[in-house]
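**Q** Give the three-dimensional model of this entry:
(2 chains)
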Amino acid sequence: MNREHKASDIHSEPIRPQVPWLERLASTIGLLLVLGLFGVIGWQAFNGATTPPVITVEIENVTSVQGGHRVLFRARNSADEAAAQVEIEGQLSTAGTDPEISRVVLDYIPGHSTRRGGLFFTRNPQSGALTVRATGFAEP
Amino acid sequence: MTSERYAIGLGRAFGGAIIFGLPLLMTMEMWSLGFAMGRGRLLLLVAFTLVLLVGLSYFSGFEKTFSLKEDAMDAFAAFGVGVITSAVLLVALAVVTFDMSWGDIVGRIALQSVPASIGAMLGRKQLGAEQDMKAEEERKQEAGYAGELFLMLAGALFLAFNMAPTEEMILIAFQMTPWHAVALGVLSMILLHVFVYSIGFSGQESRPEGGTFVSTFLHFTLTGYGIALLVSLYVLWSFGRTDGVSVPEIANMLVVLGFPASLGAATARLVV
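**A** The predicted model follows:
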């Protein structure tokens, strides 16, 4: 310890200031944050976070509103990679007529994440068969 | 150096992180890049930032430093300030919400902490009243040509990083003809030369002794522009902008991003 002090005295400035406790604390917190970030991102990098998007859509709620019916859905990307411009299409088939189709585009669904949205229909979804699915996506 | 004085430096670091990080905190592309860019590239970018912070700490930082260990401690502290500032502001702006997946949250914060932590490091210099200008000038003198190039690199990276995430960089590159690209490249070099050697900004270089215009141009201006282009390429690659793009189109993008990057390289001495 003593020797080390002497050696550094020769090489650097004559007065070597004491490292304040706050500096130790701040740099330790910084180091922990760096390790944490590297840990999480590195884990993703090396655990093959590379499966392309798989998107499933779940209907959460159907309500009749002014001017028609509103269908709230939740789109889940269960794979690792993010999907951009995800088109969600709802198709309402009632017997004897052409199906009614409504669409919406979600900007992004990150990997292992969900995004919510809504579709509007003029006919009552309860009166027919309603399917909501993702029709496509772009790579971000 | 006491804890009280260090606390003041930390306060300035938070100020710098907010001010320098704000433009990108409110840039939409940064949010999506945070979860969408390649994890390996994000990791490399954060590591590169840490190395840059150590270098910046040597030239200017919260405090006068005496060893590599102290520079490293300052770099970690600045990075910590950057991460905390980014996390708080991203939550406040509802860009990060707690129903997101962990990978998503960490990615957004990690990417945003790159400009914020550089801002934290510069905060002391820019926001502090009392500065040890003499010590700083000495450092810059001592470091010589290599130090000069490092400062250019830091300045180029900071400014290029502020532009690169936006769609506009690619859009501009697409709509330029080759003549536009050549003109912009020449303009970048002229401005780089003029900013560094002619118009008397603070921290301006005096022309090396005995140096003619040509030798100065080759030694500093051309090298500076080269650094700006390399930094642009690195940043664009990090954000996946070059993937599957033809070489001429990449060259166009480099010239576009090289414009702010070379201005950053030229004015690095003002900021650092």
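
**Q** Identify the residue spatially nearest to B:Ala164, adjacent ones excluded.
**A** With Cβ to Cβ, 6 or more residues apart in numbering or on different chains as the criterion, B:Ala164 has its nearest non-adjacent residue at 4.4 Å, and that residue is B:Val235. All C-beta atoms are positioned from the backbone trio N, CA, C, and that covers glycine.

**Q** Would you check the distance separating the helix or strand hosting the one you found from the middle of the chain?
**A** Per DSSP states H and E, B:Val235 falls inside helix B:222-238. Using Cα atoms, centre = their mean, to the nearest Å, the mean C-alpha position of helix B:222-238 is found 11 Å from that of the whole chain.

**Q** counting contacts, what elements does the helix or strand that that helix is followed by pack onto?
**A** With elements assigned by DSSP H and E, the helix or strand that comes after helix B:222-238 is helix B:247-271. Judged by 3 or more Cβ pairs under 8 Å, 6 or more residues apart in numbering or on different chains; DSSP states H and E, helix B:247-271 is in contact with helix B:102-127, helix B:133-163, helix B:168-175, helix B:178-197, helix B:222-238.

**Q** List the contacts of the residue of chain B found nearest chain A.
**A** For chain B, the residue closest to chain A is B:Gly80, as judged by Cβ to the nearest Cβ, at 2.9 Å. Counting by Cβ atoms under 8 Å, 6 or more residues apart in numbering or on different chains, B:Gly80 touches A:Ala26, A:Ser27, A:Ile29, A:Gly30, A:Leu31, A:Leu32, A:Leu33, A:Val34.

**Q** Of those, which belong to helices?
**A** A:Ala26, A:Ser27, A:Ile29, A:Gly30, A:Leu31, A:Leu32, A:Leu33, A:Val34 (DSSP state H).

**Q** Top of those by number of neighbours, please.
**A** Among these, the one with the most neighbours (other Cβ atoms under 10 Å in any protein chain shown) is A:Gly30, at 27 neighbours.

**Q** Tell me who's in contact with that residue.
**A** Here A:Gly30 is in contact with B:Ala75, B:Phe76, B:Ala77, B:Ala78, B:Phe79, B:Gly80, B:Val81, B:Val83 (criterion: Cβ under 8 Å, 6+ apart).

**Q** CSV for those, including secondary structure, pLDDT and distance to A:Thr122?
**A** Shown next, in CSV, are those (DSSP: H, G, I helix; E, B strand; the rest coil; pLDDT from 0 to 100; distance: Cβ to Cβ, whole Å):
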residue, secondary structure, pLDDT, distance to A:Thr122
B:Ala75, helix, 92, 60
B:Phe76, helix, 94, 60
B:Ala77, helix, 93, 60
B:Ala78, helix, 94, 57
B:Phe79, helix, 95, 55
B:Gly80, helix, 96, 55
B:Val81, helix, 96, 54
B:Val83, helix, 96, 49
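
**Q** Of all residues in chain A, which one is nearest the centre?
**A** A:Pro110 (3.5 Å; Cα atoms, centre = their mean).

**Q** ok, and the closest non-adjacent residue to the residue of chain B closest to chain A?
**A** A:Gly30 is the one closest to B:Gly80 (Cβ to Cβ, 6+ apart), at 2.9 Å.

**Q** so how far is B:Phe259 from that neighbour?
**A** Distance from A:Gly30 to B:Phe259, counting by Cβ to Cβ, to the nearest Å: 33 Å.

**Q** those strands in chain A, which residues are they?
**A** All strands of chain A, identified by DSSP state E, fall at A:55-65, A:68-77, A:83-93, A:100-109, A:113-121, A:129-138.

**Q** Near chain B, which residues of chain A are found?
**A** Counting by Cβ under 8 Å from any Cβ of the partner chain, chain A comes close to chain B at A:8, A:12-13, A:16-24, A:26-34, A:37-38, A:40-42, A:44-45, A:49, A:81-82, A:84, A:107-108, A:110-114, A:140.

**Q** ok, the residue nearest to B:Met176 when sequence neighbours are not counted - how many residues close by?
**A** Distance criterion Cβ to Cβ, 6+ apart; nearest residue to B:Met176, sequence neighbours excluded, is B:Asn252 at 5.8 Å. Residues within reach of B:Asn252, counting by other Cβ under 10 Å, total 24.
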